[in-house]
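Chemist: build me a model from this:
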Amino acid sequence: MVVHSPDAPSFPSILSQGRVCGNLLFTSGLVPMSPGEHDVCPGGITEQTRLVLENLGHVLKAAGSSLRHVLKVTVFLADMADYRAMNDEYRRFFAPPLPARSCVAVKALALPAMRVELEAVAEIPGADGGSRAQR
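Modeler: Prediction:
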């Protein structure tokens, strides 16, 4: 099943916002853009991280999940100097037990102004017989 939220940026000609397999949702990389916008949100890493995580929340909701059901996150940073500020904002969105996470520095993201991109794997509660992850 393909997942689509009108409340998150969409690039339908090249990717799905997310795909469901069984009780798992796999998201595409979410970027710091608002739906229908062609520019990266103004501000620095804090504002960009906030918008990326808000976009993730919209895609999760469209699939019947939420941030508390995220199992794994991969964060891509254009500059590891942003790591601490990204973490400060990230902490506002997740409560224990925290998702497993990787964070990697990349040479560049899709647009020069992008500082962060994020993808996630989440459980969809009630799908395939209910929740398996201990929360």
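Chemist: what number of residues are in the vicinity of residue 126?
Modeler: 11 (other CB atoms under 10 Å). C-beta here means a position set from N, CA and C on the backbone, and glycine is covered the same way.
Chemist: what about it, distance to residue 69?
Modeler: Distance of residue 126 to residue 69, computed by CB to CB, to the nearest Å: 10 Å.
Chemist: likewise for residue 111?
Modeler: From residue 111 to residue 69 the distance is 30 Å (CB to CB).
Chemist: out of the two, which sits in the busier spot?
Modeler: residue 69 (22 against 12).
Chemist: nearest spatial neighbour of that one, chain-adjacent residues omitted?
Modeler: Closest residue in space to residue 69, ignoring its immediate chain neighbours: residue 123 at 4.5 Å, by CB to CB, 6 or more residues apart in numbering.
Chemist: isn't residue 28 right next to residue 15, touching?
Modeler: Yes: if you go by CB atoms under 8 Å, residue 28 and residue 15 touch, sitting 4.8 Å apart.
Chemist: what about those two, which has more around it?
Modeler: residue 28 (20 against 11).
Chemist: quick one: contacts for that one?
Modeler: 15-18, 119 (CB atoms under 8 Å, 6 or more residues apart in numbering).
Chemist: redo that, cut-off 6 Å
Modeler: 15, 17 (CB atoms under 6 Å, 6 or more residues apart in numbering).
Chemist: then residue 62?
Modeler: Counting by CB under 6 Å, 6+ apart, residue 62 has contacts 3, 5.
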